[in-house]
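S.K.: only geometry, no sequence info:
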DNA sequence: AATCATATTCTTGTATACAATAATATTGAC
DNA sequence: GTCAATATTATTGTATACAAGAATATGATT
């Protein structure tokens, strides 16, 4: 448990924004939130500061704090950045990965396949996450790994949508195999390319989903 | 001018940390800083929150906020990450760069050369910065460009040291030429490689400098 | 003298009070 | 009825007050 109310509230607010409880441009009213969380404005303000710092909200001086949901363009930019950063992690990991980590990747892939067979999306999601996080860590660069983790976490709610597309999980698995093969071979450019493509497809699928929703709304 | 004291103080503290006025592990005493800046603890606390969020300081609950200067290992990790991210920007920029931006890069390079000839390190530094920032922007991905800018800014005080090495500026110029050539040709992998190498060398030079200082201290 | 338990002081985290500015409502002129 | 100027209200930003926990000092015991 967290010792400071401000942290707990920041996490809660972050979750609320990520799960779409707030719309873009909504004002985060200090007094209302204070009542809602049963605290004074002080910890609320600290929490809001944290949201602003992480780009989830925007602060207009003397006007207030407003949630900032990424639009379609920014989302695609974030997916593209994720693809490139994962590619970088792959490149470095190909040169530095340990045998234990390779075994872990293969283990995660095996559990992923089982989850696909069992239609266990949560299980698939969990092991897929382990797969990617392992590659970040194996970049041997903890600063880079942290940046990758941050963005991965930020994109989490959007990635989930895209994974539900028919046939996507099976296709994704094949890409995972290629990634492991490249890492095993120590082929850095190949690993980078495979990861860029893998995550790039996620972005493509997501864009497809967005345009579909858009036309459906008309 | 900034309307909130907290922002002004955060900028000031950031500058103090970046210029080495604080050592790693130093506690940022709220009361002392409040007296120093002539304000109450409230804006100081907000400023400290900002430092913590940007990774310049660390917060231990109920213990205080402590400055976190990157050690040699983390610095090398940051340089490596910068090299890879610039490579990514280069790859994307090669596919998207405008003629105007290419002209601007060549202009920056010309001014750089003149600055080298005139031993004008500040001028060189300014144009070098413009060169890199232009490439970030030309990635056509403002999210990525922002991430690149953040890290570039964080590494600024350390990059400056390395640029003073004899012959480094001339070598750096040659690398800039190759980067522009690759971008002009629209060769994405070549541009990525050139930028990775260019910034990678900065890291190498910096490490060299660190070990030199280390042995000199003994 | 060294060590553990207790008491004291100091600092953080939160609540409240106040000042300054922005948003809103009210009034008056046309 | 519409617009502008002023008055009112509401909200942010800062200062201060207070509560809880951590660090330090004090003292008792061996």
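M.R.: That came through, no problem. This structure is a prediction, so every number in the text was calculated from the model and none was measured.
S.K.: stretch A:59-79 near DNA strand C anywhere?
M.R.: Yes - applying Cβ under 7 Å from any atom of the strand, one finds stretch A:59-79 in contact with DNA strand C at A:62, A:63. Bear in mind the C-beta positions are built from the backbone N, C-alpha and C, glycine included.
S.K.: mind checking how far that stretch is from the chain centre?
M.R.: Relative to its chain's centre, stretch A:59-79 lies at 16 Å (Cα atoms, centre = their mean, to the nearest Å).
S.K.: do stretch A:21-31 and DNA strand D meet at all?
M.R.: Yes - on the criterion Cβ under 7 Å from any atom of the strand, stretch A:21-31 is in touch with DNA strand D at A:27, A:29, A:30, A:31.
S.K.: endpoint to endpoint, that stretch covers what distance?
M.R.: End-to-end distance of stretch A:21-31 (Cα to Cα, to the nearest Å): 18 Å.
S.K.: what mean pLDDT does it get?
M.R.: Computed over stretch A:21-31, the mean pLDDT rounds to 96.
S.K.: show me which residues of chain A sit near chain B.
M.R.: A:2-4, A:45-46, A:49-50, A:53-54, A:61-62, A:74, A:77-78, A:80-81, A:84-85, A:87-88, A:91-92, A:141-144, A:147 (Cβ under 8 Å from any Cβ of the partner chain).
S.K.: I'd like to know which of these are buried.
M.R.: Buried by 16 or more other Cβ atoms under 10 Å in any protein chain shown: A:45-46, A:49-50, A:53, A:77-78, A:80-81, A:84-85, A:87-88, A:91-92, A:141, A:143-144, A:147, out of the residues of chain A next to chain B.
S.K.: distance of residue A:61 relative to residue B:40?
M.R.: 18 Å (Cβ to Cβ, to the nearest Å).
S.K.: chain neighbours aside, what residue packs nearest to residue A:88?
M.R.: Excluding the flanking residues, the one nearest residue A:88 by Cβ to Cβ, 6 or more residues apart in numbering or on different chains is residue B:84, at 4.2 Å.
S.K.: which pLDDT value goes with that neighbour?
M.R.: Note on residue B:84: pLDDT of 98.
S.K.: without its sequence neighbours, what residue ends up closest to residue A:69?
M.R.: residue A:24 (3.8 Å).
S.K.: buried stuff in the helix or strand that contains residue A:113?
M.R.: Secondary structure from DSSP states H and E places residue A:113 in helix A:99-117. Neighbour-count burial for helix A:99-117 flags A:101, A:102, A:104, A:105, A:108, A:109, A:111, A:112, A:113, A:115, A:116 (criterion: 16+ other Cβ under 10 Å).
S.K.: related to what we said a few turns ago, the buried ones among the residues of chain A next to chain B in helices, which ones?
M.R.: Residues of those located in helices (DSSP state H): A:45-46, A:49-50, A:53, A:77-78, A:80-81, A:84-85, A:87-88, A:91-92, A:143-144, A:147.
S.K.: can you list the domains in chain A?
M.R.: A:5-67, A:72-217 (automatic domain parsing).
S.K.: next one: the nearest residue to residue A:81 once chain neighbours are set aside from residue B:152, what distance?
M.R.: Leaving aside its sequence neighbours, residue A:81 sits nearest to residue B:144 (Cβ to Cβ, 6+ apart; 4.5 Å). To residue B:152, residue B:144 is 12 Å away according to Cβ to Cβ.
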